[in-house]
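> pasting the structure only:
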């Protein structure tokens, strides 16, 4: 028998002896301890398998430095294929990372599985004509946002930096309609502000040139001087403008010559809107004379609560 064979036999004998000793040790342990040891070994094995899977994932071609997308370049391209768009959403270079190359790893790669799910949703959206295979960057990013597909923020930033509005056709129409309503409301508000400002200027001129209150007019009635101070009128103008704007947005009618509700309704809003408008009810009668006109016998209204819900909660 050669020396090498004798050494191998000794090694085998030593291993068998050690194994038998370990078996005796295990037999001597209580069941609870054996279960704990078994769970520890299973967890250790699980962690080793997971660590290996993560190492394998990091070594795959789509996680290499050359697979990183150049967002600056791709944001300049108006149309993407769906495969390119999905790759970009994951931050990958579409020239390197393509479904044909990725799909072979779908059964063992988290990235490949996520890529496949995102592409499947995109293809379904294509089938229902919500997006197309040659898709605008803005349309794809808007669709991804609505669908809940995560997109790298750097891609969105680069696209928006080029002045592109991230929205599809429906969203753009909605944005246009909202902007038009806002513009109409702002125009109406500007007209109200102009009206109130012009009347305020006229009032101040009258106050400057008015005769004493004891002077008697031809019809034997005293000529009453305006009592609203500048601070009150300066606070009133923004309130009237805001009421006009919000009413226009909601399609509600508002005119300063036909004020909704009672003076008490308006006073309640005014006090909440600006502390400078917090005056006694009798003072309001004097201050608002000639500026706002309320209907005689007006009924209580929720008009102001509907326009300013945040002030009445």
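Yes, it's here. Nothing here was measured: the structure is a model prediction, and the numbers come from that model.
> all contacts plus neighbour counts: C-alpha atoms, from now on.
OK.
> low-confidence ranges in the stretch 151-300 of the chain?
The stretch 151-300 of the chain contains residues with pLDDT under 70 at 168-226.
> One more pass at 50, please.
197, 200-201, 203-205, 207-224 (pLDDT under 50).
> how about the strands in it?
With DSSP state E, counting those that start in this stretch as the definition, the stretch 151-300 of the chain shows no strands.
> residue boundaries of the helices in it?
153-161, 169-209, 230-249, 263-273, 281-288 (DSSP state H, counting those that start in this stretch).
> Domain boundaries for this structure, per the record?
By the assignment in automatic domain parsing, the chain contains the domains 3-53, 65-167, 171-311.
> Out of these, which is the most enclosed?
A comparison of those by mean neighbour count, using mean count of other Cα atoms under 10 Å, puts domain 65-167 on top with a mean of 17.
> So residue 43 lies in a strand, does it not?
No. Applying DSSP: H, G, I helix; E, B strand; the rest coil, one finds residue 43 to be helix, outside a strand.
> and the nearest residue to residue 304 once chain neighbours are set aside, what does it touch?
Distance criterion Cα to Cα, 6 or more residues apart in numbering; nearest residue to residue 304, sequence neighbours excluded, is residue 269 at 6.7 Å. Residue 269 sits next to 304-305, 311 when contact means Cα atoms under 8 Å, 6 or more residues apart in numbering.
> Next step: these restricted to helices.
Secondary structure from DSSP state H places 304-305 of the contacts of residue 269 in helices.
> Including distance to residue 12 and pLDDT, could the contacts of residue 269 go into JSON lines?
Shown next, in JSON lines, are the contacts of residue 269 (distance: Cα to Cα, whole Å; pLDDT from 0 to 100):
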{"residue": "304", "distance to residue 12": "94", "pLDDT": "93"}
{"residue": "305", "distance to residue 12": "91", "pLDDT": "93"}
{"residue": "311", "distance to residue 12": "87", "pLDDT": "91"}
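> on that earlier part again, in CSV, list the domains of the chain along with distance to residue 59.
Conversion of those to CSV gives the following (distance: least, Cα to Cα, whole Å):
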stretch, distance to residue 59
domain 3-53, 10
domain 65-167, 11
domain 171-311, 41
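> Straight-line length of stretch 121-141, end to end?
13 Å (Cα to Cα, to the nearest Å).
> what's in contact with it?
75, 77-82, 85, 143, 151, 156, 159, 164-169.
> One more: stretch 66-85?
Residues outside stretch 66-85 that contact it (Cα under 8 Å, 6+ apart): 61, 88, 91-94, 96-99, 119, 122-123, 132-137, 140, 154-155, 158-159, 162.
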